[in-house]
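Peer 1: missing the sequence, but the structure's below:
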């Protein structure tokens, strides 16, 4: 298995709204344009908040899925 060096993972399990979005925003700001951030969250509100955040900030939501209690988002920084 090859590792994608342009993808960072941010595990925000256990954090409640608005912390997942705030922490994702902070990490994305530190990343290069075009880099991909994989966010793992367990707050059900993140399924609504993360796509809205991406739309508002101009980032691209590449993928959104639910695996058990976890919500996984792949976001490309603008």
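Peer 2: Noted; the coordinates are in hand. In this text, all values refer to a predicted model and were calculated from it rather than measured experimentally.
Peer 1: Could you list the low-pLDDT ranges of the protein?
Peer 2: Where the chain drops to pLDDT under 70, the residues are 1-6.
Peer 1: all strands for it, in order.
Peer 2: Remark: strands assigned in the chain by DSSP state E are 7-12, 36-41, 60-67, 70-76.
Peer 1: quick one: the longest one to strand 36-41, angle?
Peer 2: Just to be clear, that refers to strand 60-67. 30 degrees (axes from the mean of the first three to the mean of the last three Cα atoms, to 10 degrees).
Peer 1: Pipe the strands of the chain into JSON lines and attach mean neighbour count and distance to residue 28 per row.
Peer 2: In this view, the C-beta of every residue, glycine as well, is placed from N, C-alpha and C. As requested, the strands of the chain are arranged in JSON lines below (neighbours: other Cβ atoms under 10 Å; distance: least, Cβ to Cβ, whole Å):
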{"stretch": "strand 7-12", "mean neighbour count": "16", "distance to residue 28": "9"}
{"stretch": "strand 36-41", "mean neighbour count": "20", "distance to residue 28": "6"}
{"stretch": "strand 60-67", "mean neighbour count": "12", "distance to residue 28": "11"}
{"stretch": "strand 70-76", "mean neighbour count": "20", "distance to residue 28": "7"}
